[in-house]
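Q: coordinates for the following, if possible.
(chains A and B)
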Amino acid sequence: MTLVTMEAAPVELPYQHGGGGPAPTRTVVAYGFWIFILSDIVMFSALFAAYAVLSGNTAGGPTGRQLFNLHNVFIETACLLFSSYTCGLGMLSAERREPGHFLIFAALTFILGAAFLLIEISEFRGMVMAGAGPSRSAFLSSFFTLVGMHGAHVTAGLVWLAYMVAQLLAKGLRPAVLRRLVCFSLFWHALDIVWIGVMTLVYLMGAR
Amino acid sequence: MDGYGRGVDHRSPGVEEQEATATFLTYTVGLCLALVATIGSFVVSQTDLLWAPGVPVGLIVLAFGQIGVHLVFFLHLGSGPDDTNNILALAFGILVVFLVITGSCWIIANLNDNMMPMPMR
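A: Residues are numbered from 1 along each chain as shown, chains lettered A, B, ... in the order given. Sure thing, here's the model as predicted:
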């Protein structure tokens, strides 16, 4: 009797639990890029730690309370949040194979991201002109490193977005281009998550 | 996903399948929740709504809430079988971030406490 049960047909494993063959390329690519994003966030965590440790060491120079303009920070935050939203809507239209709508949303995403960057650059410029550059104190060194690194990521994201639009125009919405767009949207949303940390730790806590 | 048996259709692996995980509504709900959390953070930090020593805690809670909203509504992290690996990687990432930040703050605070008093310039 036991022998009969032993020779029963092998259990059909459900998809994603060992059965059904390999995962689709898109899932694998998104997973790999997710690992990269997490490692990028780990790098940011080191900069956040440096800022948290050094934010009190103003060396007699200006403090965050004197330097930060929360109106600008609110506009920057809104720009990034809405650009995340338009980026998501752009992905939706790309998946529905509507390149026209995608181009509109990509343009909106680019404009909002560029507006964020311009506000940040003018803020940095104002601070350096007022003698509060990165060499003034440990607080300002860590501030410029953390916020500047986020700004560098946003710049890279804008270049990548322009490149993706060029690819889409040249190659059309083929699967490989769509996968790269998925990676770009992951990157862009992740930058918004990092900005929540910057906004809370640096600006809202620093301006009090 | 489970009802869409991959053994049944005969496409080669790597051929895209349409996933309708996100909709216009998902992103719009996410945007509204994120806006509420953002405006809440600015209100909490700029008014006397919260007891002053509790403001940092309130800000941190709002920030984590907003990060959660972004993960679920913008990055579409869910509890489906497709997301198991993503969630595990995220959990490891959160562990490393937590260790780096709290570890640094803890160690440096201790060093600060044990510093010899320095003459002020």
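
Q: from the contact counts, what lies against the host helix or strand of A:F36?
A: Here A:F36 sits within helix A:25-54, counting by DSSP states H and E. In terms of contacts (3 or more CB pairs under 8 Å, 6 or more residues apart in numbering or on different chains; DSSP states H and E), helix A:25-54 is packed against helix A:138-171, helix A:175-198, helix B:84-113. (Each C-beta comes from the backbone N, C-alpha and C, glycine too.)

Q: starting at the chain centroid, how far to it?
A: Helix A:25-54 sits 10 Å away from the centroid of its parent chain (CA atoms, centre = their mean, to the nearest Å).

Q: next secondary structure element downstream of that helix?
A: As assigned by DSSP H and E, the chain's next helix or strand after helix A:25-54 is helix A:64-67.

Q: just the buried residues of whatever helix or strand comes next after that next one, please?
A: Scanning forward in sequence from helix A:64-67 by DSSP H and E, the next helix or strand is helix A:70-95. Of the residues in helix A:70-95, A:73-74, A:76-95 count as buried by neighbour count, 16 or more other CB atoms under 10 Å in any protein chain shown.

Q: can you tell me which of the residues you listed are up against chain B?
A: Under the cut-off given by CB under 8 Å from any CB of the partner chain, chain B has A:74, A:77-78, A:81-82, A:84-85, A:88-89, A:91-92, A:95 from these close to it.

Q: point out where the chain drops to low pLDDT.
A: Using chain A here. Counting by pLDDT under 70, the ranges of chain A that qualify are A:1-12, A:14-19.

Q: actually, chain B is the one I wanted.
A: Scanning chain B for pLDDT under 70 picks out B:1-21, B:119-121.

Q: tell me the contacts of the residue nearest to the spatial centre of it?
A: In chain B, the centroid-proximal residue (CA atoms, centre = their mean) is B:I67; its distance is 3.3 Å. Contacts for B:I67 (CB atoms under 8 Å, 6 or more residues apart in numbering or on different chains) come out as A:193, A:196-197.

Q: any chance of the residues you listed in CSV, plus neighbour count and distance to chain B?
A: CSV is the format used below for those (neighbours: other CB atoms under 10 Å in any protein chain shown; distance: CB to the nearest CB, whole Å):
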residue, neighbour count, distance to chain B
A:I193, 21, 5
A:I196, 24, 5
A:G197, 23, 7
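
Q: which one of those is nearest B:P81?
A: Comparing the contacts of B:I67 against B:P81 with CB to CB places A:I193 closest, at 24.1 Å.

Q: just list the residues touching the closest one, thanks.
A: Going by CB under 8 Å, 6+ apart, A:I193 touches A:41, B:67, B:70-71.

Q: do you know how far it is from A:Y31?
A: Going from A:I193 to A:Y31 by CB to CB, to the nearest Å gives 18 Å.

Q: swap in B:F24?
A: For B:F24 relative to A:Y31 (CB to CB), the value is 25 Å.

Q: can you spell out the domain ranges of chain B, please?
A: In terms of domains, chain B is parsed into B:21-76, B:81-112 (source: automatic domain parsing).

Q: most neighbours per residue, which of those domains?
A: Comparing those on average neighbours per residue, with mean count of other CB atoms under 10 Å in any protein chain shown, the densest one is domain B:21-76 at a mean of 17.

Q: since that was my last question, I'll sign off now.
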